[in-house]
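Trainee: Provided below for reference: sequence and predicted model.
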Amino acid sequence: KQEVTQIPAALSVPEGENLVLNCSFTDSAIYNLQWFRQDPGKGLTSLLLIQSSQREQTSGRLNASLDKSSGRSTLYIAASQPGDSATYLCAYGGSQGNLIFGKGTKLSVKP
Amino acid sequence: NAGVTQTPKFRVLKTGQSMTLLCAQDMNHEYMYWYRQDPGMGLRLIHYSVGEGTTAKGEVPDGYNVSRLKKQNFLLGLESAAPSQTSVYFCASSFLQGGYNEQFFGPGTRLTVL
């Protein structure tokens, strides 16, 4: 069964800390891996996409890595800010383009 | 560009009623998807389409039908709503090329079935 696990389910950190969100998946034949942010009551905002041939992608304070052999991805957030508070979702893409989602990590950054 | 839009944003139905959710995208994407998001379950794929006139079942298709008569629109229908279909529904679109498939999501439709 295709599964995505995100650890931890919730995380609370003080402002300014660097943090890592973890994602593991069971399918090694992935096409890509995408990280999203979801604010309460809102839709999903794409943060980073890593193609299967890539190892990492960076956007501003965000860095995502992909290790297909171990079935893991990490999202690194540098110098966290209260505005980073949201739920972060990891999803990998299959051959038909559909995404398999994890349940998310709820991040709270305290001022 | 509006990206992906969904109508309506909210809806309350009684058991047995029918309704159609509309998704529209202006990015000329070939692929479109319908997901539902439930607490503790994450997002799950209902149906998807790889092009105009085509549809396919996802992980949880029962109780739903879809149509893709125009490339920019993807409709999700509930013929006889049940309380188990209370959820937030998200539409997404993408183009798939050489392993690149970034999906863009709409704002969601919050549906309550009484």
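Mentor: Noted; the coordinates are in hand.

Trainee: what pairs with residue A:93 across the strands?
Mentor: With DSSP bridges as the criterion, residue A:93 is bridged to residue A:32, residue A:99.

Trainee: thought it was touching residue A:25?
Mentor: No. In this structure, residue A:93 is not within contact of residue A:25 by C-beta atoms under 8 Å, at 10.6 Å. Bear in mind the C-beta positions are built from the backbone N, C-alpha and C, glycine included.

Trainee: Now do the strands in the chain.
Mentor: Picked chain A for this. Assigned by DSSP state E, the strands in chain A fall at A:4-7, A:10-14, A:19-25, A:32-38, A:44-51, A:56-59, A:62-67, A:72-77, A:86-93, A:99-101, A:105-110.

Trainee: wait, I meant chain B there
Mentor: B:4-7, B:10-13, B:19-25, B:31-38, B:42-49, B:56-57, B:65-67, B:73-78, B:87-94, B:104-105, B:109-113.

Trainee: Let me have those in CSV, extended by distance to chain A and mean neighbour count.
Mentor: Converted to CSV, those look like this (distance: least, C-beta to the nearest C-beta, whole Å; neighbours: other C-beta atoms under 10 Å in any protein chain shown):
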stretch, distance to chain A, mean neighbour count
strand B:4-7, 8, 18
strand B:10-13, 11, 14
strand B:19-25, 12, 19
strand B:31-38, 5, 23
strand B:42-49, 4, 22
strand B:56-57, 7, 13
strand B:65-67, 14, 17
strand B:73-78, 13, 20
strand B:87-94, 6, 24
strand B:104-105, 4, 21
strand B:109-113, 8, 18
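
Trainee: Can you lay out the ones you listed as JSON lines showing mean pLDDT and distance to residue A:10?
Mentor: Putting those into JSON lines (pLDDT from 0 to 100; distance: least, C-beta to C-beta, whole Å) gives the following:
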{"stretch": "strand B:4-7", "mean pLDDT": "96", "distance to residue A:10": "28"}
{"stretch": "strand B:10-13", "mean pLDDT": "96", "distance to residue A:10": "27"}
{"stretch": "strand B:19-25", "mean pLDDT": "97", "distance to residue A:10": "31"}
{"stretch": "strand B:31-38", "mean pLDDT": "96", "distance to residue A:10": "17"}
{"stretch": "strand B:42-49", "mean pLDDT": "94", "distance to residue A:10": "15"}
{"stretch": "strand B:56-57", "mean pLDDT": "94", "distance to residue A:10": "33"}
{"stretch": "strand B:65-67", "mean pLDDT": "97", "distance to residue A:10": "34"}
{"stretch": "strand B:73-78", "mean pLDDT": "97", "distance to residue A:10": "31"}
{"stretch": "strand B:87-94", "mean pLDDT": "96", "distance to residue A:10": "20"}
{"stretch": "strand B:104-105", "mean pLDDT": "93", "distance to residue A:10": "22"}
{"stretch": "strand B:109-113", "mean pLDDT": "97", "distance to residue A:10": "23"}
